[in-house]
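Engineer: Got a sequence here, can you model it:
(chains A, B, C and D)
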Number of protein chains: 2
Amino acid sequence: MIDKLFSNFDNYLPLDAAEREDLAGRVIERKIKRRQFILQENDVCRHYTFVAEGCFKKFQVDDKGTEHNLQFAAEGDWLMEIGSFYFEKPSRVYIEAIEPAVIFQISRQNLYHLYDNNPKFDRNFRVIVENRLVETENRVLQAISSTAEERYLAFIKQYPHLLSRLPNTQIASYLGITPEFLSKVRKDLLKK
Amino acid sequence: MIDKLFSNFDNYLPLDAAEREDLAGRVIERKIKRRQFILQENDVCRHYTFVAEGCFKKFQVDDKGTEHNLQFAAEGDWLMEIGSFYFEKPSRVYIEAIEPAVIFQISRQNLYHLYDNNPKFDRNFRVIVENRLVETENRVLQAISSTAEERYLAFIKQYPHLLSRLPNTQIASYLGITPEFLSKVRKDLLKK
DNA sequence: CCCTCCCCTTAATCTACCTTAAGCGTATTT
DNA sequence: AAATACGCTTAAGGTAGATTAAGGGGAGGG
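Structural biologist: Below is the predicted model:
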């Protein structure tokens, strides 16, 4: 299972045998049940999480109790609350498993160890964060400039593998609309 | 003027004399006029930009020709199109000066040189990107969960120094609403 | 295997926000 | 100093999307 973690780095700067060993000694493998939380509001986010199997949602809850999905993460994705992780501040988000999952987690201490001892890790984790930033800026743009229908079509295009695995209520929350309205959007699209 | 660049790093890991010298030799100082572009759509973003004086907007233009502001950057802020910069892809955004400005720019090559030769730069630029990510995720959350009035109030709170310097049309574009509706929001707030 | 809790959908009413159009004041340019 | 462009506002009418309420189907957990 840890091979999935290793091969994730092949997308960036691949790891050699020694680096894989170093990494393997610094991550913890965990099995997570459906609906289990790996981060709750007000807790400090103490790990970078790599998803080897399963699917998570990262979301915030407003004063009315409504959830707002900020990110989905499935196999091969990284997941963290970056502000909480680096500054050890209480998290404002929850991270919850949507499916049974297997993850690898690395602590801040161990991550810094990797950064300090090998520039390749440094570069790799930089690119991981940069990719998240690109994705997130795209979302801001879509949110301020596109209709719900356009955003739904963009979601389908960008995350086809998630479409069949997520209930529409979760997708609606991600798109920033109500499940009822997503239902209407989907119906209107079928007519076309 | 370059002292503003140096002292920006005091927010993270401060630079010593040798590091300042190294950095100074690798940045270019430029004076930018009002309405001048430092990045246009389809050009590759070749620099990280530090704003020492003045103010910029980073925006995207949709098919109807409408501008959508993704970021404002004033004194002490960093500015780049990260996807274009690292992957040398054509930019989808414009960066334009709203006021006459003085900036320092560093090329990818020189930035990598700093990364490779001193972990402190590495760490500093990582934090700069991480902070952008935190800010951008906040914006996504606001966009999908708050009303225009709430977003306007949050903007005032987060960027009070920008409020008096930006025309309301630009703020409206940042908030994802029309100038006419922002005008109404402001009127309604005054009544309260 | 049953029960309960999700999840999806439809439809009516309501509201936040957009569009268009027009008028006015103040910078910027010539 | 005139000309022009730009920014702010108001208001009427229109649309995207929220809210509320209700019913039916399917899956997970006991």
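Engineer: Please confirm that residue A:49 is located within a strand.
Structural biologist: Yes: looking at residue A:49 with DSSP: H, G, I helix; E, B strand; the rest coil, it is inside a strand.
Engineer: and the gap between it and residue B:143?
Structural biologist: Distance, residue A:49 to residue B:143, by C-beta to C-beta, to the nearest Å: 25 Å. Backbone N, C-alpha and C define where each C-beta goes, glycine included.
Engineer: Looking at those two, which one has more neighbours?
Structural biologist: Applying other C-beta atoms under 10 Å in any protein chain shown to residue A:49 and residue B:143 shows that residue A:49 carries more neighbours, namely 24 against 19.
Engineer: if I look at the closest residue to that one other than its chain neighbours, how far off is residue A:98?
Structural biologist: Residue nearest to residue A:49 in three dimensions, not counting chain neighbours: residue A:79, with 4.4 Å by C-beta to C-beta, 6 or more residues apart in numbering or on different chains. According to C-beta to C-beta, residue A:79 and residue A:98 sit 12 Å apart.
Engineer: Could you name every residue contacting both of these two?
Structural biologist: Shared contacts of residue A:79 and residue A:98 (C-beta atoms under 8 Å, 6 or more residues apart in numbering or on different chains): residue A:56.
Engineer: Comparing these two, which residue is more hemmed in?
Structural biologist: Each of residue A:79 and residue A:98 has its neighbours counted (other C-beta under 10 Å); residue A:79 has more, 23 against 19.
Engineer: give me phi/psi at that one?
Structural biologist: Per-residue torsions, residue A:79: phi -150, psi 130 (degrees, to the nearest 10).
Engineer: contacting residues around it?
Structural biologist: Residue A:79 sits next to A:48-51, A:56, A:58, A:71, A:73, A:95 when contact means C-beta under 8 Å, 6+ apart.
Engineer: between those, which is nearest residue A:172?
Structural biologist: residue A:71 (15.2 Å; C-beta to C-beta).
Engineer: pretty sure that closest one is touching residue A:57, no?
Structural biologist: Yes: using C-beta atoms under 8 Å, residue A:71 makes contact with residue A:57 at a distance of 7.3 Å.
Engineer: Does anything pack onto the helix or strand of chain A with the lowest mean pLDDT? Which helices or strands?
Structural biologist: The least trusted helix or strand in chain A, going by mean pLDDT, DSSP states H and E, turns out to be helix A:82-87, with a mean of 89. Applying 3 or more C-beta pairs under 8 Å, 6 or more residues apart in numbering or on different chains; DSSP states H and E, we find helix A:82-87 packed against helix B:119-145.
Engineer: Now whichever helix or strand comes after the helix it packs on: buried residues?
Structural biologist: Per DSSP states H and E, the first helix or strand lying C-terminal to helix B:119-145 is helix B:148-158. Neighbour counts over helix B:148-158 (16 or more other C-beta atoms under 10 Å in any protein chain shown) mark B:148-149, B:151-152, B:155 as buried.
Engineer: Please apply the same query to stretch A:169-187.
Structural biologist: The neighbour-count check on stretch A:169-187 (16+ other C-beta under 10 Å) flags A:170-177, A:182, A:185 as buried.
Engineer: Out of those residues, flag the one nearest to chain B.
Structural biologist: residue A:176 (3.0 Å; C-beta to the nearest C-beta).
Engineer: Now the closest one: closest residue in space that isn't a chain neighbour?
Structural biologist: Closest to residue A:176 by C-beta to C-beta, 6+ apart is residue B:144, at 3.0 Å.
Engineer: cool, and residue A:173?
Structural biologist: Leaving aside its sequence neighbours, residue A:173 sits nearest to residue A:69 (C-beta to C-beta, 6+ apart; 4.4 Å).
Engineer: Which strand or helix spans that neighbour?
Structural biologist: Per DSSP H and E, the secondary structure element for residue A:69 is strand A:67-73.
Engineer: for chain A, what are the low-confidence residue spans?
Structural biologist: Residues of chain A meeting the criterion pLDDT under 70: A:192.
Engineer: Tell me the residues on it that lie near chain B, please.
Structural biologist: Taking C-beta under 8 Å from any C-beta of the partner chain as the criterion, chain A approaches chain B at residues A:60, A:62, A:66, A:68, A:70, A:82-83, A:86, A:115-116, A:119, A:122-123, A:126-127, A:129-130, A:132-134, A:136-137, A:139-141, A:143-145, A:174-176.
Engineer: Write the ChimeraX selection for whichever of those residues are buried.
Structural biologist: The buried subset of those, as determined by 16+ other C-beta under 10 Å, is captured in ChimeraX by this line:
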select /A:60,68,70,82,83,86,115,122,123,126,127,129,130,132,133,134,136,137,139,140,141,143,144,145,174,175,176
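Engineer: Near DNA strand D, which residues of chain A are found?
Structural biologist: For chain A, the residues in contact with DNA strand D (C-beta under 7 Å from any atom of the strand) are A:34-35, A:147-149, A:176-178, A:180-181, A:185.
Engineer: Out of the residues you listed, flag the one nearest to DNA strand C.
Structural biologist: residue A:180 (4.1 Å; C-beta to the nearest atom of the strand).
Engineer: and the helix or strand harbouring the closest one, what does it pack onto?
Structural biologist: Element membership of residue A:180 [criterion: DSSP H and E] is helix A:179-191. Applying 3+ C-beta pairs under 8 Å, 6+ apart, we find helix A:179-191 packed against helix A:148-158, helix A:168-175.
Engineer: can I get these in JSON lines with distance to residue B:30?
Structural biologist: Shown next, in JSON lines, are those (distance: least, C-beta to C-beta, whole Å):
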{"stretch": "helix A:148-158", "distance to residue B:30": "36"}
{"stretch": "helix A:168-175", "distance to residue B:30": "40"}
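Engineer: and DNA strand C, which of those helices is closest to it?
Structural biologist: Closest approach to DNA strand C among these (C-beta to the nearest atom of the strand): helix A:168-175, 3.5 Å.
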